[in-house]
Structures are given as C-alpha cells and as structure tokens.
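>>> Fold the following.
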Amino acid sequence: MKRLLPFVMALLPACQQLTIDGSAASERVLVAAGDQTLIGWQYGAEWAMPHWFPLCTPSGRDMLVQQAEPYPHHRAMWIADKVQLGDGPVVDFYHGQPKALVPRIRSDRALTATSEDARSVVLVGAQQWVAGDVTFLDDERRLRVRWLDDGQVSIDLEWTLRASHGPVTFHSDWIHYAWPYLRLHPRFSQQGGAVVVDDRGRRGSEAIHGQYANWVDCSATIDGVTEGVAIFVPQDGEWHKWLVRDYGCIGPRRPDAQSGVKFTLGQGEELRGRVRLFVHRGDAATGDVAGRYREYVAGKPR
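Next up, the predicted model:
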C-alpha cells in the first residue's frame, strides 16, 4: 500500500475531480470527488474479509452499515460463500466456520490503480480464500468508479474466482449469499421507510425477494432529500433471482445453475461475475434508473 499513493498521484497529476487516498496504517482506500467520499475499500487484518465501505449518496450520507446486529458477519458490501477444496472440509467463509480453521479472505495490499480520465478510476486487487494453512481460491476484484453529473456515481464491479489449488465445490444455500451482498444502513432499509422497487414495477421486499429482475433500486427521503442506489445485472443470457430483506439486505444471485445448488469448479476453472451500482439523486423514477439500465446493457461506458 505504501506504493499506491505515489503511483496514483503520478498517474493523475491533473485530476482535480477524482482522488484516491490510502495508507498502510489505515488499511483502507477511499475514492473521493473533491471533499465528497464516493466509496471505500477496507482490507484490514481486523476483518475476516475485505469489503467496500463506505458507499455514499450525492449528499454524503452513508448508505451501508459496516457491521450490524444480530448479524455481525455482515460487512457493508461483500462477497463470500461456503466452499470445499477437493475432498477436504467444507469451510464457511460467510460465517467464519469452523473457527478452528480461522477462515479468512486475505487481501493483497498491492492494489493497483489506473485512470481513464479525470472523472474515472479503476482499482484492481487480489485476494485469497484461506483456512488454516490451505488456500482454497484465488480472487481478483476490479472496481471502476465514474463520477457523473450532479454528484451521481456509476460503479462497475467485476470478480474472478479461480480454482488454482484444486477442484472447489460451492455449497451455497438460498439464504446466506448474494453476489455482491449489500447491507444497507437502517435509514435506507424498507423497515426504515425506504422504497424498494424492481424493473418490473414490483415494490417491497416481499414482492421482489426470490424473483427474477434486471435491476433493483432502493431509495429513501431523509430531511427532504431523496437519494438511492440501484444494482444492475447484465443481460448475459442468464436470469438472476434476488435476495431482498426488509431490514436492509439486498443483492443478486448467480444464475440458477450455480445458485442455491452444489456445483464444482475444476482445477484452473474460473467463476466470473459483474454488476453495476448506480448511486443517484431522486427515486427510481425521477433518477431515471430504467434509462441508466438501458445505457448499461447497450454498452455505454458510464
């Protein structure tokens, strides 16, 4: 991490809008536009898994909570699962079980950053899923952050998990995973008065949970200001069901053949995925979430 900041500052000498701040002492990276924090990456050893936090609205409010009761394993925005290397033990990286093996997703601190232009940066980091002295998976995350008009933000997240160390069987269930999994701040949860809607016009967690959708949006009005976040899944020939809880958990599932069922990656095989987050002003209608999704599937860069 010590080499991140000099690299970024040399890379972006003329960038006044978008900056990256990180240090080995804080074990985190923050992307900001001026004094407005957009998103952060937390990789410290105190956490069992690296995660994205904070994620902020255009007015600067945190939309995620880093740790919450009664589910202390929730980590703002994260990816984790229950896996088995070869015929070894099944290890739950989501809940950190079995404790004797100390399951951890360890982040490579040599994060790299590149700039596309003054309003866009790409962060790439490597992780390994480790339990005891055994590495289960190699894991690469790519985050592209683009600052849009009026402080809105487009965030493209991609991940590649590679079974480099032997065949890996996934033991996901229908309850304990979404990729990525967002734990919304209580004020952005349905219980807190937020509005949850999908691309088919269904409203509320009860109507959307377990259903197919291309996007789901959550917005809240706080002190007279309405803002929200939409999660887009690609139109890649597969349908994705969603996990949506009224207390503030939300995220898309993998395609059905790899969702809630046991499946195996052979040695050297990869599991890939991607989503886009759109952090916007207004609700799903006034923020034109549907229009932004059409841009996404059309391959427009923002």
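>>> Is Glu27 in contact with Gly44, as I believe?
Yes: if you go by CB atoms under 8 Å, Glu27 and Gly44 touch, sitting 3.4 Å apart. Where C-beta positions appear, they are placed from N, C-alpha and C, glycine not excepted.
>>> Looking at these two, which has the bigger crowd around it?
More crowded of Glu27 and Gly44, by other CB atoms under 10 Å: Glu27, with 18 against 12.
>>> number of nearby residues for the closest residue to Gly125 other than its chain neighbours?
Nearest in space to Gly125, with sequence neighbours left out and distances taken as CB to CB, 6 or more residues apart in numbering, is Leu111 at 4.7 Å. For Leu111, the neighbour count with other CB under 10 Å is 22.
>>> Then Pro58?
With other CB under 10 Å as criterion, Pro58 counts 21.
>>> Provide a list of residues in contact with the residue nearest to it when sequence neighbours are not counted.
Counting by CB to CB, 6+ apart, the nearest residue to Pro58 once its immediate chain neighbours are dropped is Gly151, at 3.5 Å. Residues in contact with Gly151 (CB atoms under 8 Å, 6 or more residues apart in numbering) are 33, 36, 58-59, 281.
>>> likewise Arg187?
61, 193-194, 220, 222.
>>> What about the residues you listed, which are in strands?
Using DSSP state E to define strands, the subset of the contacts of Arg187 located there is 220, 222.
>>> low pLDDT regions in the stretch 1-150 of the chain?
By pLDDT under 70, the weakly predicted segments of the stretch 1-150 of the chain are 1-16, 23-25, 109-110.
>>> Please enumerate residues in contact with stretch 243-257?
With CB under 8 Å, 6+ apart, stretch 243-257 has contacts from 65, 68, 74, 172, 177-186, 188-192, 196, 204-206, 208-210, 216, 218, 231, 233, 238-242, 259-260, 263, 273, 275.
>>> all helices for the stretch 101-250 of the chain, in order.
Listed in chain order, the helices of the stretch 101-250 of the chain (DSSP state H, counting those that start in this stretch) span 205-208.
>>> Can you tell me how far the residue of the chain most remote from its centre is from Gly166?
Here the centre of the chain is the reference, and by CA atoms, centre = their mean the most remote residue is Asp87, at 29.9 Å. Applying CB to CB, to the nearest Å, one obtains 10 Å for the distance of Asp87 from Gly166.
>>> Just the buried positions in stretch 229-249, please.
Neighbour-count burial for stretch 229-249 flags 229-233, 240-245, 248-249 (criterion: 16 or more other CB atoms under 10 Å).
>>> Any chance of a markdown table for those, columns distance to Thr135 and pLDDT?
Formatted as a markdown table, those follow (distance: CB to CB, whole Å; pLDDT from 0 to 100):
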| residue | distance to Thr135 | pLDDT |
| --- | --- | --- |
| Val229 | 33 | 98 |
| Ala230 | 35 | 98 |
| Ile231 | 30 | 98 |
| Phe232 | 32 | 98 |
| Val233 | 29 | 97 |
| His240 | 29 | 95 |
| Lys241 | 30 | 96 |
| Trp242 | 31 | 97 |
| Leu243 | 28 | 95 |
| Val244 | 33 | 96 |
| Arg245 | 32 | 95 |
| Gly248 | 33 | 91 |
| Cys249 | 29 | 93 |
